[in-house]
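sequence first, then the predicted structure:
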Amino acid sequence: MKQESRKQEIVNAAAILFKEKGYSAVTMRDLATAMGIKAASLYNHIQSKQEILSTIIIELAEEFTQGMNLIVNSHRSSIQKLENIIGLHIDVTLRNADGLASLNNDWMHLEEDNLLYFEKMRQDYEDNFRQIVKKGVEMNEIKSNNVEIIVFSTLSTLRTLYLWYPKQKNIDANILKKDMISVLLQGVV
């Protein structure tokens with residue numbers, strides 16, 4: 001397994017602190033203390049707290065974008081595409097719940113270019129999701145409920161999974177994926 005770079009160690013430690021305290025409340029001194037190093041040492045690997053935040057958020061947003069693009073361009077049914085999207089969210093959450101806290105809670109602190117880039121990726125992602133649902137309704141694969149309610153309900157659940165799942169001690173990742181797909185796509189009745 002590839003050893004983590006020092007920059008990645010800093011990013012990972014920052015993600016934990018950002019999740020616990022929020023981006024605005026974390027200082028470089030807090031980060032250095034958490035890592036057991038001097039604050040000045042951080043600057044050998046990164047330029048600023050903003051660079052760390054951008055790295056966390058943009059890398060995750062690009063991962064979601066790439067995953068969505070693969071799903072959109074696949075020759076699967078709308079239901080299979082939605083299953084893949086749910087799986088994508090679960091996989092990313094299990095791999096990086098701390099980073100998802102920044103993606104969901106601290107994105108508005110990105111500086112202008114990265115903020116615009118992130119907002120475009122997020123909007124495109126939601127638009128792709130919406131189009132999959134609309135096509136599913138048109139093809140009678142999905143009940144003709146209000147599309148916006150379907151999009152909101154599903155994405156809200158998936159976007160907050162990072163808060164809930166780490167507290168669960170007895171839910172295996174495979175069960176999580178199977179049951180979330182079932183509940184989100186078929187309901188509980």
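Arrived safely, thanks for sending.

worst-scoring helix or strand of this structure, pLDDT-wise?
Least confident helix or strand, the chain: helix 39-42 with a mean of 89, by mean pLDDT, DSSP states H and E.

right, and the helix or strand after it?
Sequence order places helix 49-72 as the next helix or strand after helix 39-42, per DSSP states H and E.

what helices or strands is that next one leaning on?
helix 6-21, helix 28-35, helix 78-105, helix 112-138 (3 or more CB pairs under 8 Å, 6 or more residues apart in numbering; DSSP states H and E). C-beta: built from backbone N, CA, C; applies to glycine.

circling back: contacts for the least confident helix or strand of the chain next, please.
Defining contact as CB atoms under 8 Å, 6 or more residues apart in numbering, one finds that helix 39-42 is touched by 10, 28-29, 31-32, 35.

look at Asp93 and say how many residues are nearby.
No Asp there; residue 93 is Thr. 22 (other CB atoms under 10 Å).

how much space between it and Phe129?
From Thr93 across to Phe129, the span is 16 Å (CB to CB, to the nearest Å).

what of Asn69?
12 Å.

and the closest residue to Glu59 other than its chain neighbours, what does it touch?
In this structure, Glu59 finds its nearest non-sequential neighbour in Gly99, 7.7 Å apart by CB to CB, 6 or more residues apart in numbering. Going by CB under 8 Å, 6+ apart, Gly99 touches 15, 56-57, 59-60.

same thing but 6 Å
Going by CB atoms under 6 Å, 6 or more residues apart in numbering, Gly99 touches 15, 56, 60.

could you dump these to a markdown table with distance to Ile79 and pLDDT?
Formatted as a markdown table, those follow (distance: CB to CB, whole Å; pLDDT from 0 to 100):
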| residue | distance to Ile79 | pLDDT |
| --- | --- | --- |
| Ala15 | 33 | 96 |
| Ile56 | 32 | 98 |
| Leu60 | 26 | 98 |
